[in-house]
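**Q** The following comprises the amino acid sequence and a computationally predicted model.
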Amino acid sequence: MPFHLHFGESDLLRFRFAVSPLWETQEAVRTLVRPERHGYHLPWLRRVRDAAAGIDLGPLHLLMPDAGHNPDFLCPAPLGALASFEEEIEGVRATSPEAARNDIALALADTPGAARTPAGRAMLADPARAVRELADLLERAWRALIEPEWPRLRALLEADVAYHSRRLADSGFERLLGELSPQLKWGEGSPGNGSGGATLTIVGTHGDHVRVLGGQGLVLMPSVFCWPRVVSGYEAPWQPALIYPARGIGGLWTEAADRTPDVLARLLGRARADVLCALDEPAGTTALAHRLGLAPSSVSSHLSVLRESGLLTSRRYGHQVLYERTPLGITLAVSQPLTD
């Protein structure tokens, strides 16, 4: 069944991109119990197995039905493009008990019997306590599962935002949607009467819903862990958002030594070749240093040499400088030596 987002004229001017560490934390928790998501993330799953086993994630999993409503207050669309986890979790803690109870009730209703479990009854009976405990649980999950990997994840997500921001400027929103996911369909007119504004339809979702944006616009958020599906459905009073699979997750957990050809390492030196080959997506110095296990000062030096050699280009995005390969750099990084 489809989900419809109806845009008025003012909404068409109010698209923005955002990166959400809180969203990635929630989706990481979901990924732990969704085998269909494991393929790209097996190295991460092996690394966090013991840490995840030490946290009782049952209350969060109870609010994550296989198909249906998930509480919007647990991961509202961030107010800024680069909100920190601390800023986002404070927003969760500020949720009113009334809003939380309604949200929790909707989620529990989509899993048969969930509202009658001891945990479900406790959350509905004391939503203020539920907000505190769920926020604490999300913070524990962040510290154990996501924060150690955040430089790597943030680099990929910010690279996706930079890429799709350029595509939006170059090609417009309708063509951008086709690149984000085949689940997204764009049409003129509102659902039902076919007139006025335009409608974004998300096919393959649970239920048949309509959300009129009403001048709020739409937040576009790439996600590492939501693959392969697009997610939406934020209900009022939360700002409408569309979460889509980030580009480049196939190589997210690949280590540098696994992707650098020996012949390129002999030509440039192992560390410098690793830096070049790690740039499947644009990234900054800190993220590359974390990914490669090198000192930021060393990575910065290698990046400067590679840029001066015409293999990289750089541009500023937000608080950091992102580096990406030039056509010559791409040729060197992806070419394989000829063999007989």
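**A** On my side now, so go ahead. From a predicted model like this one, the values you see are computed outputs, not experimental measurements.

**Q** In stretch 74-89, which residues are buried?
**A** Neighbour counts over stretch 74-89 (16 or more other Cβ atoms under 10 Å) mark 74-78, 81-83, 85, 88-89 as buried. Just so you know, the C-beta spots here come from the backbone N, C-alpha and C atoms, and that holds for glycine as well.

**Q** Adding pLDDT as columns, could you present these in a markdown table?
**A** As requested, the buried residues of stretch 74-89 are exported to a markdown table (pLDDT from 0 to 100):
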| residue | pLDDT |
| --- | --- |
| Leu74 | 94 |
| Cys75 | 89 |
| Pro76 | 88 |
| Ala77 | 85 |
| Pro78 | 85 |
| Ala81 | 78 |
| Leu82 | 81 |
| Ala83 | 88 |
| Phe85 | 95 |
| Glu88 | 95 |
| Ile89 | 96 |
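
**Q** and of those residues, the nearest to Ala114?
**A** Leu74 (15.3 Å; Cβ to Cβ).

**Q** Can you tell me who His6 pairs with across the strands?
**A** Beta bridges link His6 to Thr199, Val212, judged by DSSP bridges.

**Q** Could I get the buried residues of stretch 74-89 in JSON lines, plus columns for secondary structure and distance to Glu24?
**A** JSON lines is the format used below for these (DSSP: H, G, I helix; E, B strand; the rest coil; distance: Cβ to Cβ, whole Å):
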{"residue": "Leu74", "secondary structure": "helix", "distance to Glu24": "13"}
{"residue": "Cys75", "secondary structure": "coil", "distance to Glu24": "9"}
{"residue": "Pro76", "secondary structure": "coil", "distance to Glu24": "14"}
{"residue": "Ala77", "secondary structure": "coil", "distance to Glu24": "13"}
{"residue": "Pro78", "secondary structure": "coil", "distance to Glu24": "11"}
{"residue": "Ala81", "secondary structure": "coil", "distance to Glu24": "15"}
{"residue": "Leu82", "secondary structure": "coil", "distance to Glu24": "13"}
{"residue": "Ala83", "secondary structure": "coil", "distance to Glu24": "12"}
{"residue": "Phe85", "secondary structure": "helix", "distance to Glu24": "9"}
{"residue": "Glu88", "secondary structure": "helix", "distance to Glu24": "10"}
{"residue": "Ile89", "secondary structure": "helix", "distance to Glu24": "13"}
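
**Q** Dump the C-alpha coordinates for stretch 238-257 into PDB.
**A** Extracted as PDB, the C-alpha positions of stretch 238-257 are listed here (Å, rounded to 0.1, in the frame of the first residue of the first chain):
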ATOM      1  CA  TRP A 238       6.700  16.000  13.900                       C
ATOM      2  CA  GLN A 239       8.100  17.500  10.700                       C
ATOM      3  CA  PRO A 240       7.700  15.300   7.700                       C
ATOM      4  CA  ALA A 241      10.900  13.400   6.700                       C
ATOM      5  CA  LEU A 242      12.000  10.900   4.000                       C
ATOM      6  CA  ILE A 243      14.800   8.500   4.900                       C
ATOM      7  CA  TYR A 244      16.500   6.700   2.100                       C
ATOM      8  CA  PRO A 245      19.500   4.300   1.700                       C
ATOM      9  CA  ALA A 246      22.800   6.100   1.600                       C
ATOM     10  CA  ARG A 247      25.100   5.700  -1.400                       C
ATOM     11  CA  GLY A 248      28.200   3.600  -1.000                       C
ATOM     12  CA  ILE A 249      27.200   1.200   1.800                       C
ATOM     13  CA  GLY A 250      28.600  -1.700  -0.100                       C
ATOM     14  CA  GLY A 251      32.100  -0.700   0.800                       C
ATOM     15  CA  LEU A 252      31.400   0.900   4.200                       C
ATOM     16  CA  TRP A 253      33.000  -1.800   6.300                       C
ATOM     17  CA  THR A 254      35.800  -2.700   3.800                       C
ATOM     18  CA  GLU A 255      39.200  -2.100   5.300                       C
ATOM     19  CA  ALA A 256      41.800  -0.200   3.200                       C
ATOM     20  CA  ALA A 257      44.100  -3.200   2.900                       C
END
